[in-house]
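Colleague: Show me the folded form of this:
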Amino acid sequence: MTDQRLSLALIGCGSIAQSHWQGIQSDAPNVHVTAAIDTDSERAQAMAEQTGAQAFTSIHEALEKGSFDAVDIMLPHDQHEEAAIACFEAGKHVVLEKPMAMTLDACQRIMDAAASAGTVFMVAEQSHYWPDAVKIRQMIDEGAIGEIITARAFFGGSVGSGWGSKPWRYELAKAGGGITIDGGAHWIRPLRMWLGEIDEVVAVTGRPLADMEGESLARALLRFQSGIVAVFDALRAGSFMGPSEEFRVTGTEGELLVEKGHEGRVMLYTKEYSDGHVLLQKDVGRNASFGYELQDFALAVIEGKALEAGPEYSLGELRTALAIYRSADTGQWEKVWD
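Modeller: Model (predicted):
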């Protein structure tokens, strides 16, 4: 592995930036943070001191005065387009938190800017690098549970996760939707990794959380191009929630499960392992996935390595979310890629 390092600016120094920084420290040896940018000067300065970087309070000031070759954009969804295009126009490599933008038209403008710049563009979807997601894909590929029959993904949790009384994610104008377009994307990506591309969806949504302007409940059937039908459930509730597996993949010869909990075990159930066989222990390293994705980005810049998932592929979660929203309105099956 090369010892060359990519100089990176962190744009947006909120809680997700802390996760990215921890991942860089533990699992992205080819990344060197040289700038911290946030409109909140105290937050920018705190991140700069933490990382040994230079603090800025605007992207344009940082692009003019900073020293970095790439940016890591971690802003509310409504700011993605303007920030990404400004960085591409300055000739920077860009890793942009999912979703790429709130509309497909905005995504196309971002991709056009990336093409004009000729720099590396990555949409950060950390679940593509989750050790449990990767392990299940390996087991499916090896035929551990035979032919896939169906699958289920469940993303749920109680409020009170440290976002504050009304985080920006609860505002439609800033998020572009609710639980599906945001955190739900982390559960849609593994289904696509395992089952292929989604063809169409039918869904219902609800708002059990009054403070959340977008949907805080989504239930959808996802029909894949292969014909397999899977279930996507997402819920953010104001009450205590009991245990439920996060993923269940059912095949003709067994099942694969990811147990509930941010660091849940991966289990295999077959005729041979009727009581269950542990494939990955409780600490499956999801937090480290932030480092894995940023290391992937760094090597794409430094060595020209192909990204694990390019920006066009990363449109899949946004397209699925938008199709779910259309279906909730129409009550009909809605195509994902049309």
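Colleague: quick one: the helices in the stretch 1-150 of the chain?
Modeller: 15-27, 41-51, 59-65, 80-89, 104-117, 131-141 (DSSP state H, counting those that start in this stretch).
Colleague: With only the CA atoms kept, save the fifth one in CSV.
Modeller: What that stands for is helix 104-117. Output in CSV follows, covering the C-alpha atoms of helix 104-117 (Å, rounded to 0.1, in the frame of the first residue of the first chain):
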residue,chain,number,x,y,z
LEU,A,104,-32.7,13.7,-9.4
ASP,A,105,-32.3,16.9,-11.3
ALA,A,106,-30.0,18.2,-8.6
CYS,A,107,-28.1,14.9,-8.7
GLN,A,108,-27.6,15.3,-12.4
ARG,A,109,-26.2,18.8,-12.1
ILE,A,110,-23.7,17.5,-9.5
MET,A,111,-22.6,14.6,-11.7
ASP,A,112,-22.2,17.0,-14.6
ALA,A,113,-20.0,19.2,-12.5
ALA,A,114,-18.0,16.2,-11.4
ALA,A,115,-17.5,15.1,-15.1
SER,A,116,-16.4,18.6,-16.1
ALA,A,117,-13.9,18.7,-13.2
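Colleague: Kindly reformat the helices of the stretch 1-150 of the chain as JSON lines and extend each row with mean neighbour count.
Modeller: Placement of C-beta: from N, CA and C, glycine included. Formatted as JSON lines, the helices of the stretch 1-150 of the chain follow (neighbours: other CB atoms under 10 Å):
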{"stretch": "helix 15-27", "mean neighbour count": "18"}
{"stretch": "helix 41-51", "mean neighbour count": "17"}
{"stretch": "helix 59-65", "mean neighbour count": "16"}
{"stretch": "helix 80-89", "mean neighbour count": "21"}
{"stretch": "helix 104-117", "mean neighbour count": "16"}
{"stretch": "helix 131-141", "mean neighbour count": "19"}
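Colleague: Out of these, which gets nearest to residue 174?
Modeller: helix 80-89 (10.6 Å; CB to CB).
Colleague: Which elements pack onto that closest one?
Modeller: helix 59-65, strand 70-73, strand 93-97, helix 104-117 (3 or more CB pairs under 8 Å, 6 or more residues apart in numbering; DSSP states H and E).
Colleague: Residue 333: which of the ones you listed is closest?
Modeller: Of all those, helix 104-117 comes closest under CB to CB, at 19.1 Å.
Colleague: How far off centre is that closest one?
Modeller: Its chain's C-alpha centre and that of helix 104-117 lie 19 Å apart, by CA atoms, centre = their mean, to the nearest Å.
Colleague: what does it rub up against?
Modeller: 80-81, 84-85, 88-89, 91-92, 94, 96, 100-101, 121, 311-312, 315, 318-319, 322 (CB atoms under 8 Å, 6 or more residues apart in numbering).
Colleague: shaky segments in the stretch 51-200 of the chain?
Modeller: 159-165 (pLDDT under 70).
Colleague: tell me the domain ranges of this structure?
Modeller: 6-124, 128-285+318-335 (automatic domain parsing).
Colleague: what's stretch 251-264 in contact with?
Modeller: In contact with stretch 251-264 (CB under 8 Å, 6+ apart) are residues 132, 136, 139-140, 143-149, 154, 243-249, 265-271, 273, 276, 279, 282-284, 286.
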